[in-house]
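Visitor: Sequence unavailable; structure follows:
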Ligand code: PEP
Ligand code: MG
């Protein structure tokens, strides 16, 4: 039995067989290099970048888990300097004039053959490391990300980390839990696990090893523990804890159908965040009052080309119908940054979070944007859909997005297609600029939904994906609470409503603060709806409101 300690990113207990995520092989073409010297330079640059990536992993792992666990990545760095590796690649590029990715793949094959042929277990393990390192270099050379092979049965899935395009492909029911060596609590891997209600432990560093593939494990997402090959006492202990957790969940079911009303009668809506139509079932099961955020980009991440109008229409209509007339806020395409798809052909960027993403791409690709808006409007005839634009920083962006939406409505009218003319239009408030001009933006829209995940990274200048910055990433920072208050005051003055759809919404330690500020809706992972309702029903907001507002005033 071995106990690995990482960070709990999504609560709950799961037990099963650990499976390492098998990424599909990257497609490497054999080509003749146009210029051998510059091909060699390409290879050297890719190797440098791989070395830098591994250096970051060494540092963060050492910081969190100690030097010993960081050694694996140091060894990977050393492999990049391995004389045999360099000799083989150099020969193929410089002497044979072949392309760098092919040379790396060939070198990888030859080295793996030698290691696995040695019959020595230690050497065999090193073969997996060679594959890992060379894969990293090839991916850099190709500028690609690759989706993995799907599991053939339920399992606990392990990897260095998962890209959103990968989590988007996971079949519900087959992934029992996620465990990763890297990862940050607000990354989309963590959000995915919370939305799906599956346990996740991240940041295990070098403790998580490929040789564990196929072993039975227990994952405790609450304490951030992974137990490999648990003994019978441990299995019994955790099955007791799991039963207690299940009983707690059962108890919460008694809250289904009850109001989100505090002891003194203050109300707030509790909605669910979803990434696809299947998640709407989870929202219904957990008695969400609506969907506060439908991350529509997951429809795009799941396919190999942009989903057409009909495919999108069916998805939005299904979500609207499943929610049975309750409000469903569809966020228009928020692709870019960490959410990448190959088929849009987006360039690699130095600062992707500050780059070409979300509404910025939609303005550049009116074909994509209009198709999506047509699909949402058509689906609005079948329920209560609202439209929300992401990454807004300026007034013109809202006006332009609204103009395009108006043109789409005109088109549909001319075609005699039914839609809800009153479908609300709102924006994500996730840039400090949007907060500071929220008085102006409020006049343009029906609602604000505060995306605290991005608002935190942009306000505190802390990359939400960077696990080394976790302690600087404080979504409950006074700056954020002040911003909520400013935005709430402004939208209310214009008769609109305000929600929070970032992960902070589920922080029950702040529910009273949100209610005191006047937040109208909190949108959380489906399985967080009932715990939040329980908290709300135990609060006396009138008692603490003056203190809370006073402390916020005191911040000025
Ligand atoms: C946010 O930024 O808070 C948000 C809800 O959007 P996402 O996490 O998808 O960026
Ligand atoms: Mg966001």
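Guide: The structure has been received and is ready for your questions. Since the model is a prediction, treat every value here as computed from it, not as a measurement. Ligands and ions are numbered 1, 2, ... in the order given.
Visitor: gap between residue 247 and ligand 2?
Guide: Between residue 247 and ligand 2 the computed distance is 35 Å (Cβ to the ion, to the nearest Å). Bear in mind the C-beta positions are built from the backbone N, C-alpha and C, glycine included.
Visitor: Give me the neighbour count for that residue.
Guide: Residues lying near residue 247 (other Cβ atoms under 10 Å) number 10.
Visitor: again with residue 549
Guide: Neighbours around residue 549, by other Cβ under 10 Å: 15.
Visitor: quick one: residue 97 and ligand 1, what's the gap?
Guide: Separation of residue 97 from ligand 1 (Cβ to the nearest ligand atom, to the nearest Å): 45 Å.
Visitor: Verify the contact between that residue and residue 32 for me.
Guide: Yes - assessed by Cβ atoms under 8 Å, residue 97 is found in contact with residue 32 at 5.5 Å.
Visitor: Compare these two and say which is more crowded by neighbours.
Guide: Set residue 97 next to residue 32 and count neighbours by other Cβ under 10 Å: residue 97 wins out with 14 against 11.
Visitor: For the more buried one, give me phi and psi.
Guide: phi 70, psi 30 (degrees, to the nearest 10).
Visitor: Report the contact partners of it.
Guide: By Cβ atoms under 8 Å, 6 or more residues apart in numbering, the contact list for residue 97 reads 32, 33, 36, 39.
Visitor: just the buried members of those residues?
Guide: The neighbour-count test (16 or more other Cβ atoms under 10 Å) marks 33, 39 as buried among those.
Visitor: closest to residue 218 among the contacts of residue 97?
Guide: residue 39 (48.4 Å; Cβ to Cβ).
Visitor: Helix or strand: which one has that closest one?
Guide: In the assignment (DSSP states H and E), residue 39 maps to helix 36-65.
Visitor: What average pLDDT does the helix or strand just after that helix get?
Guide: Next along the chain after helix 36-65, taking DSSP H and E as the criterion, comes helix 67-79. Per-region confidence: helix 67-79 scores 78 on mean pLDDT.
Visitor: same question, stretch 7-17
Guide: 93.
Visitor: again with stretch 315-333
Guide: 97.
Visitor: Please identify the buried residues of that stretch?
Guide: For stretch 315-333, by 16+ other Cβ under 10 Å, it's 315-320, 322-323, 326-333.
Visitor: State which one residue of the stretch 1-150 of the chain is found closest to ligand 1.
Guide: residue 9 (13.9 Å; Cβ to the nearest ligand atom).
Visitor: circling back: got the angle between the helix holding residue 39 and helix 67-79?
Guide: 180 degrees (axes from the mean of the first three to the mean of the last three Cα atoms, to 10 degrees).
Visitor: where's residue 54 relative to residue 351, distance?
Guide: Distance of residue 54 to residue 351, computed by Cβ to Cβ, to the nearest Å: 21 Å.
Visitor: for residue 170, that is, sorry about that
Guide: 29 Å.
Visitor: Looking at these two, which is more packed in?
Guide: Taking neighbours as other Cβ under 10 Å, residue 170 and residue 351 compare with residue 170 leading, 20 against 8.
Visitor: Need the pLDDT of the more buried one.
Guide: The model's pLDDT for residue 170 equals 80.
Visitor: That one against residue 157, yeah?
Guide: Yes - using Cβ under 8 Å, residue 170 is in contact with residue 157, at 7.5 Å.
Visitor: Quick check: residues of the chain near ligand 1?
Guide: Within the chain, the positions adjacent to ligand 1 are 191, 293, 295, 334, 430, 451, 452, 453, 454, 501, 502 by Cβ under 6 Å from any ligand atom.
Visitor: in its sheet, what does the helix or strand the second one falls within sit against?
Guide: This points to residue 293. Secondary structure assignment for residue 293, by DSSP H and E: strand 291-295. Partner strands and pairing direction for strand 291-295 (DSSP bridges) are strand 269-274 (parallel), strand 327-331 (parallel).
Visitor: And the contacts of that strand?
Guide: 271-275, 280, 283, 316, 319, 323, 326-331, 334, 388, 449, 499, 501, 521-523.
Visitor: now do stretch 356-365
Guide: Defining contact as Cβ under 8 Å, 6+ apart, one finds that stretch 356-365 is touched by 332-337, 339, 344, 346-347, 349, 368-369, 372, 389-392, 397, 400-401.
Visitor: what ranges do the strands span in the stretch 451-556 of the chain?
Guide: 497-500, 521-524 (DSSP state E, counting those that start in this stretch).
Visitor: Tell me which residues of the first one come out buried.
Guide: By that I understand strand 497-500. 497, 498, 499, 500.
Visitor: what's next to it, contact-wise?
Guide: With Cβ under 8 Å, 6+ apart, strand 497-500 has contacts from 269, 271, 292, 329, 446-450, 452, 484, 487-488, 491-492, 505, 514, 518-523.
Visitor: Equivalent analysis for the last one, please.
Guide: Outside of strand 521-524, the residues within contact range by Cβ under 8 Å, 6+ apart are 268-273, 289-293, 329, 449, 497-501, 505-506, 511, 514, 532.
Visitor: Go again with 6 Å.
Guide: Residues from elsewhere that reach strand 521-524, judged by Cβ atoms under 6 Å, 6 or more residues apart in numbering: 269, 270, 271, 273, 292, 293, 499, 500, 501, 505, 506, 532.
Visitor: give the contact list for residue 513.
Guide: Shown in contact with residue 513 (Cβ under 6 Å, 6+ apart): residue 548.
Visitor: switch the cut-off to 7 Å
Guide: 481, 548 (Cβ atoms under 7 Å, 6 or more residues apart in numbering).
Visitor: try the one 5 residues further on
Guide: Taking Cβ under 7 Å, 6+ apart as the definition of contact, the neighbours of residue 518 are 488, 492.
Visitor: ok, 8 Å please
Guide: 488, 489, 492, 498.
Visitor: filter these to the buried ones?
Guide: Neighbour counting by 16+ other Cβ under 10 Å classes 488, 498 among these as buried.
Visitor: Which of the contacts of residue 518 fall within helices?
Guide: The helices, defined by DSSP state H, take in 488, 489, 492 from the contacts of residue 518.
Visitor: What is the nearest of the residues you listed to residue 415?
Guide: Residue 415 has its nearest neighbour among the ones in helices among the contacts of residue 518 in residue 492, at 37.4 Å by Cβ to Cβ.
Visitor: Need the pLDDT of the closest one.
Guide: Residue 492 carries a pLDDT value of 98.
Visitor: can you check residue 125 too?
Guide: Reported pLDDT for residue 125: 62.
Visitor: got it, and residue 261?
Guide: For residue 261, pLDDT reads 97.
Visitor: residues in contact with it?
Guide: Applying Cβ under 8 Å, 6+ apart, the residues near residue 261 are 267, 536, 537.
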